[in-house]
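**Q** sequence plus predicted model, see below.
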Amino acid sequence: MGRNRTELSVPTARDAGLTGCTSCGRVWPMGTEHCGRCGARLRPVDRSALQAVWAWWAAGLICYIPANLYPMLRTATLGHEQTNTILGGVIELFAHHNYLVAAIVFIASVLIPVSKFIAIAYLALAVGNEQRAGGHRHLLLYEIVEFIGRWSMIDVFVVAILSALVQLGAVAAIHPGPAAVSFALSVALTMLSAQSFDPRLIWRGPARTEGP
Amino acid sequence: MNDTPIHELMACPKCDALHRARHLAPQERATCARCGALLIAPRVRSFLHVVALSFTAMILMVGAVFFPFLKISTQGMSHASSVFEVAMAFSEGWLAPLSFAVMALIVGLPVLRFSALIYTLWPLANGRPAWPHARRIFRLADQLEPWSMAEIFVIGTGVALVKLAGLATVSLGPAFWAFGALIIVTALKNAFLSQWTIWDAIGQS
């Protein structure tokens, strides 16, 4: 309804020649380097921050490959040993009719990481190609990515708990595999990628993204 | 808005929209006019609440780390683990750094965050000026928020329990319940936190 009109009339700190502090909200004249209240470094709203987003994103993607190829768990039960990759674990749970757990593990370690890579890339590419009114949708997507990213770490904790607990000598023993490290790294790197994305860029519209 | 003094202005950290900030009545909330992000949400005596809840969380954390966490038993054999042992699960070989990271994510960073909040808010709750370096320390507490993962760890315990359901009997120790309570206390504490109100109080002292 009146949404577009209010959006056009909202002045931004940048329009007023000011830079807003992303940590405490105080505004300072453009060109100030550090916030005088909280001491954080002031980040001007420009596209150079996207380089950091892409750098963390690529590093996270590289770490995600070995996370899927190497085993996450080594299980030894009564003499025979078996290794499980992430996807292998899901398939096995599914074969044992543990549909709910299979779904949880699949969502946390496959669906969420993959959609996070796609969502961050989409946001970083969409910045500057969107109408101002499209911002709400993109901001929502950004907030979902930021909120949900940490939850992928659940799989690393499950591996830690299982390997600490299941130490029953010859009967059953579970050990962590190398994929646990690369998966944890991948989650941390994508979290950093999402944190370096500056949501203020979303609102700048096509003509206003370039230049100072 | 051109004639408003600069210290009364506030920029939305999510979309850069410029607002005139003012002190709100206890039950009021201020959201961004454009993107709807929550800007200011004061609570009555919120500083004291955050300090009290942070102390509670620290005490629960001590219990959560040192009491037995989970106990597994099958075919006459049993094995109990504390949270510390869970983190040490990765300590063999080159997985060792992950041990350190897990310990930091579930114990170290939450404790650091609670201490930072107590340090910043204790003098403010008593109406005294902020202690030295309060700015840097509160900013650290703010930045650590996404990295303290105690609640994710508890949900991870749930998944591990279901995975083990067919293999063995697992019983929950006192540390598990301490961790559960810790999550509720942390969520309450976050509900009482209003960044802008705290920065305003630090800035005035």
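**A** Alright, I've got the coordinates.
**Q** which is the next helix or strand following the top helix by length along chain A?
**A** The longest helix of chain A (DSSP state H) is helix A:49-69. Counting by DSSP states H and E, the next helix or strand C-terminal to helix A:49-69 is strand A:73-77.
**Q** in that next one, what counts as buried?
**A** Burial within strand A:73-77, assessed by neighbour count using 16 or more other Cβ atoms under 10 Å in any protein chain shown, is assigned to A:73, A:75-76. For every residue, glycine as well, the C-beta is placed using N, CA and C.
**Q** got it, and stretch B:63-74?
**A** Buried residues in stretch B:63-74, defined by neighbour count with 16+ other Cβ under 10 Å: B:64-65, B:67-70, B:72, B:74.
**Q** could you do stretch B:167-181 as well?
**A** B:167-168, B:170, B:173, B:175-176, B:178-181.
**Q** who's the closest residue to B:Leu39 other than its chain neighbours bridged to?
**A** Distances taken as Cβ to Cβ, 6 or more residues apart in numbering or on different chains place B:Ala30 nearest to B:Leu39, at 4.6 Å, with adjacent residues excluded. Taking DSSP bridges as the rule, B:Ala30 bridges to B:Ile40.
**Q** so where do the strands sit in the chain?
**A** Chain wasn't specified; assuming chain A. With strands called from DSSP state E, chain A shows them at A:18-20, A:27-29, A:73-77, A:80-84, A:172-176.
**Q** hm, I was asking about chain B
**A** Under DSSP E, chain B gives strands at B:9-11, B:18-20, B:30-31, B:38-40, B:68-74, B:77-82, B:169-172.
**Q** closest one to B:Asp142 among those strands?
**A** Smallest distance to B:Asp142 across these (Cβ to Cβ): 14.6 Å, for strand B:38-40.
**Q** residues making contact with the closest one?
**A** A:25, B:10, B:12, B:19, B:21, B:24, B:29-32, B:194, B:196-197 (Cβ atoms under 8 Å, 6 or more residues apart in numbering or on different chains).
**Q** and the residues you listed, which of them are buried?
**A** By neighbour count, with 16+ other Cβ under 10 Å, the contacts of strand B:38-40 hold A:25, B:10, B:12, B:19, B:21, B:24, B:30, B:32, B:194, B:196-197 as buried.
**Q** related to what we said a few turns ago, so of the strands of chain A, which one's packed in deepest?
**A** Of all the strands of chain A, strand A:18-20 carries the top mean neighbour count, a mean of 25, counting by mean count of other Cβ atoms under 10 Å in any protein chain shown.
**Q** what lines up beside that one in the sheet?
**A** strand A:27-29 (antiparallel).
**Q** contacting residues around the partner strand?
**A** Identification of contacts with strand A:27-29 by Cβ under 8 Å, 6+ apart yields A:13, A:16-21, A:35-36, A:42, B:6, B:9-11, B:18.
**Q** please name the nearest non-neighbouring residue to A:Gly88.
**A** Nearest residue to A:Gly88, sequence neighbours excluded (Cβ to Cβ, 6+ apart): A:Pro71, at 7.9 Å.
**Q** what about the nearest residue to A:Ser196 once chain neighbours are set aside, neighbour count?
**A** Using Cβ to Cβ, 6+ apart and skipping the chain neighbours, the partner closest in space to A:Ser196 is A:Ala52 (4.1 Å). A:Ala52 has 15 neighbours, counted by other Cβ atoms under 10 Å in any protein chain shown.
**Q** what's the end-to-end length of stretch B:6-24?
**A** End-to-end distance of stretch B:6-24 (Cα to Cα, to the nearest Å): 19 Å.
**Q** so where do the helices sit in the chain?
**A** All of this refers to chain A. A:3-9, A:49-69, A:86-95, A:99-106, A:112-126, A:135-148, A:154-165, A:179-196.
**Q** ah, no, chain B please
**A** Using DSSP H, the helices of chain B run over B:46-66, B:83-87, B:96-103, B:109-125, B:134-144, B:150-164, B:174-192, B:195-204.
**Q** so which of the ones you listed is the most packed in?
**A** Ranked by mean neighbour count, these are led by helix B:83-87 with a mean of 23 (mean count of other Cβ under 10 Å).
**Q** find the residue closest to the residue in chain A that chain B sits nearest to in space, skipping its chain neighbours.
**A** Per Cβ to the nearest Cβ, the residue of chain A with the smallest distance to chain B is A:Gly20, at 2.4 Å. Sequence neighbours aside, B:Ala11 is the residue nearest to A:Gly20 in space, at 2.4 Å (criterion: Cβ to Cβ, 6+ apart).
**Q** got a list of what that neighbour touches?
**A** B:Ala11 makes contacts with A:12-13, A:18-21, A:25-27, B:17-19, as judged by Cβ under 8 Å, 6+ apart.
**Q** which single residue in chain B comes nearest to chain A?
**A** Proximity of chain B to chain A (Cβ to the nearest Cβ) peaks at B:Ala11, 2.4 Å away.
**Q** so what's residue 198 up against?
**A** Using chain A. For A:Asp198, the contact set (Cβ under 8 Å, 6+ apart) comprises A:22, A:43, A:45, A:49.
**Q** to clarify, I was referring to chain B.
**A** Going by Cβ under 8 Å, 6+ apart, B:Ile198 touches B:47, B:120-121, B:124, B:138.
**Q** pLDDT score for it?
**A** You'll see B:Ile198 listed with a pLDDT of 85.
**Q** can you check B:Thr4 too?
**A** With respect to pLDDT, B:Thr4 has a value of 74.
**Q** and B:Leu53, by the same measure?
**A** In this model, B:Leu53 is scored at 91, pLDDT.
**Q** that one touches B:Leu188, doesn't it?
**A** Yes. B:Leu53 is within contact range of B:Leu188, at 5.7 Å (criterion: Cβ atoms under 8 Å).
**Q** hmm, back to that, and the residue nearest to A:Gly88, how far from A:Thr85?
**A** From A:Pro71 over to A:Thr85 the distance is 6 Å, taken as Cβ to Cβ, to the nearest Å.
**Q** ditto for B:Ser194
**A** 45 Å.
**Q** what of B:Phe179?
**A** Between B:Phe179 and A:Thr85 the computed distance is 29 Å (Cβ to Cβ).
**Q** would you turn the strands of chain A into TSV with mean pLDDT?
**A** Below are the strands of chain A laid out as TSV (pLDDT from 0 to 100):
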stretch	mean pLDDT
strand A:18-20	86
strand A:27-29	87
strand A:73-77	83
strand A:80-84	83
strand A:172-176	84
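**Q** residue ranges with poor pLDDT in chain A?
**A** For chain A, the stretches with pLDDT under 70 are A:1-9, A:128-134, A:204-212.
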